Every structure is written in structure tokens, then in C-alpha cells.
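>>> The following comprises the amino acid sequence and a computationally predicted model.
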Amino acid sequence: MHGYSTGHHDHPVSGVGTLLFLVLIVVAVMLFFSIRGLIRDARSLVDDEIKPSLKALRDSANSIKGVASVATGAGVSAAGGNAVKAMTFAMAARRGIGMIRGRKK
């Protein structure tokens, strides 16, 4: 008699589903470690390259502020004060550009 069987049979689809699930887990683990490595590299870049450049730029700005305050405190005329400010701004911009160019290799 041919009919429907009530017994449990393994279907090939369930094996494929299990295999795909395992592949998905492996890919997810690999993706996790790749992202973790990228985050570590980004932090290293910030700590090793960007923070020292920003500190040097901040130090330059502070020294230029000091020069400008000495120049204005010494009684430099308004026209002369503007010239000093323009020159110190130009020096700061030149130094900043030089630092940025020096970092690129």
C-alpha cells in the first residue's frame, strides 16, 4: 500500500539549513574580529598621529597669542597692531601647513 508515511525522515533541506547556519556563524565571527581590528587601528592612528599634531598646533596658537598680547601691551599702534596680528596669523598658518605636510609621507 502506497500512502503517506507518518515516520520521521531527514530531509536534505534541513542539512542545507544547518550548513548555512554554521557558515553564517563563521562569517559573523570573522566580521566581529575584523571590526575590532579596525577600531584598534583607528585608535592607534588618533593616539600616534593626530593627538601630537593637535598638541603642536595648540602650542603654536598659544605662543602666537603670547606674541600678540606682548605686541599690543607694548603700545603698538592700531595699524601696527593689525599688521602684527596679520603677520602672526600668517606665521601660524604657515607652521600649521608645514606640520600637516610633514606628517604626510
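Great, that's in hand. Numbering: from 1, shown residues only.
>>> before we move on, what SS does Phe33 have?
helix (DSSP: H, G, I helix; E, B strand; the rest coil).
>>> roughly how far apart are it and Ser44?
The spacing between Phe33 and Ser44, counted by Cβ to Cβ, to the nearest Å, is 16 Å. For glycine as for every other residue, the C-beta is placed from the backbone atoms N, C-alpha and C.
>>> What of Met99?
20 Å.
>>> who has more neighbours, the two?
Using other Cβ atoms under 10 Å as the criterion, Met99 and Ser44 rank with Met99 on top: 15 against 10.
>>> And the helices in the protein?
Using DSSP state H, the helices found in the chain span residues 12-45, 51-73, 78-103.
>>> Now tabulate those helices in TSV and tack on mean pLDDT.
Converted to TSV, the helices of the chain look like this (pLDDT from 0 to 100):
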stretch	mean pLDDT
helix 12-45	90
helix 51-73	75
helix 78-103	71
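>>> and Met87, how many neighbours does it have?
Residues near Met87, counting by other Cβ under 10 Å: 14.
>>> Sorry, slip of the keys, the one I care about is Thr88.
Counted with other Cβ under 10 Å, Thr88 comes out at 19.
>>> tell me the contacts of the nearest residue to it once chain neighbours are set aside?
Closest residue in space to Thr88, ignoring its immediate chain neighbours: Ile64 at 4.6 Å, by Cβ to Cβ, 6 or more residues apart in numbering. The contact partners of Ile64, by Cβ atoms under 8 Å, 6 or more residues apart in numbering, come to 88-89, 91-92.
>>> out of these, who has the most neighbours?
Most surrounded of those: other Cβ under 10 Å gives Thr88, at 19 neighbours.
>>> and the gap between it and Ile100?
Taking Cβ to Cβ, one finds Thr88 at 19 Å from Ile100.
>>> can you tell me how far Glu49 sits from Met99?
11 Å.
>>> what's the answer for Leu22, then?
When Leu22 is compared with Met99 (using Cβ to Cβ), they lie 51 Å apart.
>>> Please apply the same query to Asn62.
Where Met99 is concerned, Asn62 sits at a distance of 15 Å (Cβ to Cβ).
>>> do Gly37 as well
29 Å.
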